[in-house]
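Participant: build me a structure from this.
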Amino acid sequence: MCTHLKNLNSVMERAPIQRTLLLLIFVLLLMSGKAQAGFFFSDYRPFEICTTAMVITAEKLKEDSKSSELHYNRIRPGGDSTDERMLRRLGMSGAIFATPIFEPFILSDDTPVRFTGTVYKYRPGMLHRVLGGSREQIFYEVELLGEMALLHAGSFREPPLPICDEAMQ
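Facilitator: Next up, the predicted model:
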């Protein structure tokens, strides 16, 4: 019985050292480049020349939209959400989804949507994955109304244009 108590005391004495080591490893990972590339923090990885560069009208895109509508969700002028900050960093004015998110307007049928050929893969950080249930998503880079935006590929029953294998892995 005494041996168990000695072992328990030994484990308890090592516990602060183990916690300190874990905290140190966590901080080092947080400061490393890999931590910022999608493990702890969400990010968008670009894949250039990953789809066909072409122009399609909003009417044609709406035909395969899950909601038969496309909502252009512009970044709010003073918006400070994580998504708005990430879109701003990418040089985007907003994102297009089948549903409204923040200050949206529905694209009119005659709006031309120019696909640039670049695709972005969104990788949620650990907190977004664990607490928010987020998962990886694919976006097309598009130009519409003189602004750059991301078009959510998941807003369609089938992606409107083919996506390169590299982005899908």
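Participant: need the residue closest to the centroid of the chain.
Facilitator: residue 122 (3.1 Å; C-alpha atoms, centre = their mean).
Participant: ok, the nearest residue to that residue once chain neighbours are set aside to residue 42 distance?
Facilitator: Leaving aside its sequence neighbours, residue 122 sits nearest to residue 137 (C-beta to C-beta, 6 or more residues apart in numbering; 4.4 Å). C-beta coordinates here come from the backbone N, C-alpha and C atoms, glycine included. Using C-beta to C-beta, to the nearest Å, we find residue 137 at a distance of 10 Å from residue 42.
Participant: what sits in contact with each of the two?
Facilitator: Residues touching both residue 137 and residue 42 (C-beta atoms under 8 Å, 6 or more residues apart in numbering): residue 122.
Participant: any idea of the mean pLDDT in the one helix or strand the residue nearest to the centre of the chain maps to?
Facilitator: Following DSSP states H and E, one finds residue 122 within strand 112-123. Regarding strand 112-123, the rounded mean pLDDT is 97.
Participant: is it fair to say residue 142 lies in a strand?
Facilitator: Yes. Remark: residue 142 belongs to a strand, assigned using DSSP: H, G, I helix; E, B strand; the rest coil.
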